[in-house]
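J.: make a model of this:
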Amino acid sequence: METVNAIVETPKGSGVKYTYEPSSGLFFLKKVLPAGMVFPHDFGFIPETKGEDGDPLDIIIISEFDTYMGCKIECRLIGSLQAMQWAVNGRKNKIRNDRFFGIPVQSIIFEKVKSMKDLPERHLTELKAFFIQYNKMQKKIFEIEGQSTAQKSLNIIKKSML
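T.: Model prediction:
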């Protein structure tokens with residue numbers, strides 16, 4: 001199974017969103033989440049890619065250990081959520097903004113997770129709800145259209161490489 005590199009922007013458990021700024025090489029505080037809302041897993045990007053929103057592709061890194069902002073992690077890709085996103089007041093500006101899912105190759109607890117189907121259904125439901133709510137507070141609609149396998153997700157990533 002092929003792997004992808006991921007860079008952590010926002011560590012799991014964080015109540016704030018950080019974003020990497022390539023021009024400065026620094027991470028900056030982008031937004032504060034509502035009280036009680038935190039990132040359920042490390043959230044970051046796949047370097048050397050570019051999505052329809054102009055940013056690198058997003059990745060959720062599911063692991064049992066804590067990491068930090070800027071940490072580079074080699075991950076096994078297990079799939080992705082196919083999603084469209086747009087501002088509440090402007091449906092014509094719809095863009096594709098998938099969420100890719102990776103498991104660090106160093107993970108012991110999640111080493112048997114090879115696809116999205118291996119995740120508990122309730123956990124996947126909660127992750128979907130997180131992204132819908134997270135976007136809602138930004139006055140954006142996040143519509144999940146389906147799931148992709150690891151191989152299809154890898155093909156999408158390869159097409160998005162700079």
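
J.: spatially central residue in this protein, please.
T.: Geometric centre of the chain, nearest residue: Ile59, 2.9 Å, by C-alpha atoms, centre = their mean.

J.: is that one in contact with Gly102, as I believe?
T.: Yes. Counting by C-beta atoms under 8 Å, Gly102 is a contact partner of Ile59 at 5.4 Å. Any C-beta I mention is one placed from the backbone N, CA and C, and that applies to glycine too.

J.: what comes up buried for the longest strand along the chain?
T.: Looking across the chain with DSSP state E, the single longest strand is strand 72-87. By neighbour count on 16 or more other C-beta atoms under 10 Å, the buried set for strand 72-87 is 73, 75-86.

J.: who does the residue lying closest to Pro11 once chain neighbours are set aside bridge with?
T.: Leaving aside its chain neighbours, Pro11 sits nearest to Asp42 (5.6 Å; criterion: C-beta to C-beta, 6 or more residues apart in numbering). Here Asp42 shows beta-bridge partners Ile61, assigned using DSSP bridges.

J.: in this structure Asp42 contacts Phe65, no?
T.: No. Counting by C-beta under 8 Å, Asp42 sits too far from Phe65 to count as a contact (9.6 Å).

J.: okay, those two: which has more neighbours?
T.: Asp42 (29 against 12; other C-beta atoms under 10 Å).

J.: where does the chain have low pLDDT?
T.: Applying pLDDT under 70 to the chain flags the ranges 90-92.

J.: flag every buried residue along the lengthiest helix in it.
T.: The longest helix of the chain (DSSP state H) is helix 121-136. Buried residues in helix 121-136, defined by neighbour count with 16+ other C-beta under 10 Å: Leu124, Leu127, Lys128, Phe130, Phe131, Tyr134, Asn135.
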